[in-house]
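>>> Structure for the following, please:
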Amino acid sequence: MQVKDVMTKEVKWVEVPGTRAEALDLLKQLNASAIPVVKRGTDELVGIVTLRKLFENPDEDQLAMLVDRDIPSVSPNDQLKDAAKHILKTFVRRLPVLKNGKLAGIITVRDIVYRAIASMNLEKPVENYLRPHILTIWEGTPLRVAVEIIDLAGFRGLPVINEKGDLVGIIDDFDIAKVSELELDSKMSQMTGRSEGDSWTWDSEARMYITKRKLKVPDKLVKDVMTKNLVTITRKTAVSKSAQLMKQHKVEQAPVITPEGKLAGLIRDIDLLRAL
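I've put the predicted structure just below:
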């Protein structure tokens, strides 16, 4: 199979110059974690903007400053397995597909899992590819703290446990983005100090008010926004069956549980690419 056989051809993007708000609105609309950025009026690729980048830079409103520009790309005629290797090597979840220097599409982990692996009848069990050592997060954790934990962990989402240690949900970037808002934040900057002659009057100072849009994470707990209806699998679930379940339920990761219902690991869609 080639890249063109599974890539997404109809691509939504944001343009530069542009704003954080425009990118966040489109990410929410598409239920996506990243989108391409192109130069306004052309199909020339500038880079990729991700939800994580928006969370990491809450004070930056200019889209051009939030774009990851050093992004590898592939061509439509490249072999699918080579694209999968490239994704695993570079730890990116998506590759722009360029034809004659123009953005012709995008190939994502989801494209490969949903459109290829799910139909390949790969019978190897997922225990060969799962992550047995994972971080979990308590359901009572404040959402603002969860943002930091997810970022430091380097994962897009984490399993959620209750006070008894039972698996009760999963939380990821998109769960947080759905309840976060952009708010205006005004700060006053004093540009010059008072002189002795006018120390009696407060309005002789030159002041500048700086207004920014900041991403505001609400005062909620993880349990208030986490995904509770989980798709779970076992160690012996076949790779293609796992891909089919991810496709059916539109999820990117699934907790792996024991016959007793205890959490045994986590399998992500990107982990399934190793089966190719």
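>>> was I right about residue 119 contacting residue 240?
Yes - the pair residue 119 / residue 240 is scored as a contact, 7.3 Å apart, by CB atoms under 8 Å. All C-beta atoms are positioned from the backbone trio N, CA, C, and that covers glycine.
>>> Give me the more crowded residue out of these two.
The neighbour comparison of residue 119 against residue 240 (other CB atoms under 10 Å) goes to residue 240, with 20 against 12.
>>> Quickly list what's touching both of residue 119 and residue 240.
Common contacts of residue 119 and residue 240 (CB atoms under 8 Å, 6 or more residues apart in numbering): none found.
>>> Please tell me how far the nearest residue to residue 124 once chain neighbours are set aside sits from residue 122.
Computed as CB to CB, 6 or more residues apart in numbering, the closest residue to residue 124 that is not its neighbour in sequence is residue 239, at 5.2 Å. Here residue 239 is placed at a distance of 4 Å from residue 122 (CB to CB, to the nearest Å).
>>> The two - which one has more neighbours?
Higher neighbour count among residue 239 and residue 122: residue 239, with 25 against 18, using other CB under 10 Å.
>>> Show the pLDDT at the residue nearest to residue 124.
Residue 239 is assigned a pLDDT of 96 by the prediction.
>>> go on, the one 4 residues further on?
On pLDDT, residue 243 comes in at 97.
>>> likewise the one 5 residues further on?
Among the per-residue scores, residue 248 holds a pLDDT of 95.
>>> Need the residues that contact the host helix or strand of it.
Using DSSP states H and E, residue 248 maps to helix 239-249. Helix 239-249 is touched from outside by 113-114, 117-126, 129, 231, 233, 237, 251-252, 254, 267, 269, 272, 275, with contacts defined as CB under 8 Å, 6+ apart.
>>> What separation is there between the closest residue to residue 226 other than its chain neighbours and residue 225?
Among residues not flanking residue 226 along the chain, residue 169 sits closest, at 3.8 Å (CB to CB, 6+ apart). Residue 169 sits 9 Å away from residue 225, going by CB to CB.
>>> Strands of the stretch 101-250 of the chain, residue ranges please.
For the stretch 101-250 of the chain, the strands defined by DSSP state E, counting those that start in this stretch cover 102-108, 137-138, 157-161, 167-172, 181-190, 207-216.
>>> before we move on, back to that, in the helix holding residue 248, what counts as buried?
Residues of helix 239-249 classed as buried by neighbour count (16 or more other CB atoms under 10 Å): 239-247.
>>> Same check on stretch 108-123?
Residues 108-118, 122 are the ones in stretch 108-123 that count as buried (16+ other CB under 10 Å).
>>> Not counting its neighbours along the chain, what's nearest residue 108?
Leaving aside its sequence neighbours, residue 108 sits nearest to residue 94 (CB to CB, 6+ apart; 4.3 Å).
>>> Check residue 16 too.
Closest residue in space to residue 16, ignoring its immediate chain neighbours: residue 64 at 4.8 Å, by CB to CB, 6+ apart.
>>> Just the pLDDT for that neighbour.
With respect to pLDDT, residue 64 has a value of 93.
>>> Surely it is in contact with residue 17?
Yes - here residue 64 lies in contact with residue 17, judged by CB under 8 Å, at a distance of 6.4 Å.
>>> who has more neighbours, those two?
Set side by side, residue 64 and residue 17 show more neighbours around residue 64, with 15 against 9, by other CB under 10 Å.
>>> Provide the secondary structure category for the more buried one.
Following DSSP: H, G, I helix; E, B strand; the rest coil, residue 64 is assigned to helix.
>>> what sits against it?
16-18, 46.
>>> still on that earlier bit, for the residue nearest to residue 124, give its distance to residue 92.
The value you get for residue 239 to residue 92, if CB to CB is used, is 21 Å.
>>> Name the SS class of residue 92, please.
coil.
>>> surely it meets residue 72?
Yes - the pair residue 92 / residue 72 is scored as a contact, 7.0 Å apart, by CB under 8 Å.
>>> ok, those two, which is more surrounded?
Neighbour totals were compared for residue 92 and residue 72, and residue 92 leads with 18 against 12 (other CB under 10 Å).
>>> thinking again about what came up before, any common contacting residues for residue 239 and residue 122?
Counting by CB under 8 Å, 6+ apart, the common neighbours of residue 239 and residue 122 are residue 275.
>>> Does residue 67 touch residue 45 like I think?
No - taking contacts as CB under 8 Å, residue 67 lies outside contact range of residue 45: 10.1 Å.
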